[in-house]
Structure formats: C-alpha cells, structure tokens
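Participant: show me the folded form of this:
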Amino acid sequence: MGRTPGDVPSLTDPGCHTVRTRSSLTVGDLARHLGAPLVGDPSVGDAVVLDITDDSRTVAPGHAYLAVGGLRHHGLDFDSQAAAAGAVVVISDRPSSVLPTLVVDDPRAVSGPLSSWFHGCPSARLRVFGVTGTNGKTSTSHFLEAGLAAAGETTAPSAARRRPSPTW
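Facilitator: Numbering: from 1, shown residues only. Next up is the predicted model:
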C-alpha cells in the first residue's frame, strides 16, 4: 500500500512508510511525526535533533531525551542531567520541569518506531530470516548462514546464538 508525504501512519506501522523530506530533523519534525504537543518553550521547535537516547548519562548536545518509567525511577528524575548535557527536548508521558517536552501516551511504545523513522528505517534495507520451531533451530540457522555465506551474502546472526557457526 503506497503512501503520500501527507499520510501519517500509526507509530506501530512496521513498514516505516512516513516519508522524510530532509536529512536533518527538528523538534518540530518529531512533534509532527509523533502527533504530540510540545509543552514548554515553543522556540525549541526549530532546534535540530542529532540523536535520540533514553539514558541521561549518554545525552550529548542536540539530543532528544526519551524519559520512560522504570521500576524505581522515572526518566524524568534525570531530566536536569539531560539538560545539563545538552538535550534539546524530552519525549515522555508527562511534562518535564526543566526541558520542553513532547508528551506521548506511552514513551516506551514509541521508542522503537520513532528511532527507526529518525534513522531512516534501516531495517527496510535488510533481509531478515527467522527460524522457529521446537527442534533443529540452531542447526537450521547454521545451515542457512553457511548457504548465504557461500552465495557471497554478508550475514549477521542474532546475538542470541552463543556458539560460532561451524566452517564447512
């Protein structure tokens, strides 16, 4: 199903079909993509967002800080650290008292689709093979990897596989 630039799919749309028209994105672009209101300083809407992170310790200037709830703390407990490190906006389920905030119902649910869209939908350029079932998954995945490698394909098996593939 094709989309036009004006169409805005659901954030859970696995096809990542929202058209990005620029290589750099602003807070306003994120707000429009999320359909989220910007609470706080409206002038931040033109600020360029360089990356998105959910760890206040890894925020760098120009980052959007995704603040989600945890078992003992909420990401907003660390919004001052994110601001001090240079975050331009917070994405959370409630407003920050320190930074302008894009308010969404469930920040954890939007994190994957938003990150995929932000980075240009990298999985759209990958071929993914899944192996399921009760028995034979490991052997089948090794055979699949060996066959693809023999055909000249680059493979990157799941990190869940702990043993290296045998060399045949």
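
Participant: gap between Pro95 and Asp79?
Facilitator: If you measure Pro95 against Asp79 using CB to CB, to the nearest Å, the figure is 10 Å. No exception for glycine: its C-beta is placed from N, CA and C like everyone else's.

Participant: who has more neighbours, the two?
Facilitator: Set Pro95 next to Asp79 and count neighbours by other CB atoms under 10 Å: Asp79 wins out with 23 against 18.

Participant: could you export the helix or strand hosting that one as CSV, CA atoms only?
Facilitator: Taking DSSP states H and E as the criterion, Asp79 maps to helix 79-85. C-alpha atoms of helix 79-85 as CSV (Å, rounded to 0.1, in the frame of the first residue of the first chain):
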residue,chain,number,x,y,z
ASP,A,79,16.0,15.5,33.2
SER,A,80,18.3,18.0,34.9
GLN,A,81,21.3,15.9,34.0
ALA,A,82,20.0,15.5,30.4
ALA,A,83,19.5,19.3,30.1
ALA,A,84,23.0,20.0,31.5
ALA,A,85,24.4,17.6,28.9
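
Participant: name the helices or strands packed onto that helix?
Facilitator: Using 3 or more CB pairs under 8 Å, 6 or more residues apart in numbering; DSSP states H and E as the contact test, the elements touching helix 79-85 are strand 63-66.

Participant: in the chain, spot the helix with the most residues.
Facilitator: The longest helix of the chain (DSSP state H) is helix 137-150.

Participant: mean confidence for it?
Facilitator: With pLDDT averaged residue by residue, helix 137-150 scores 89.
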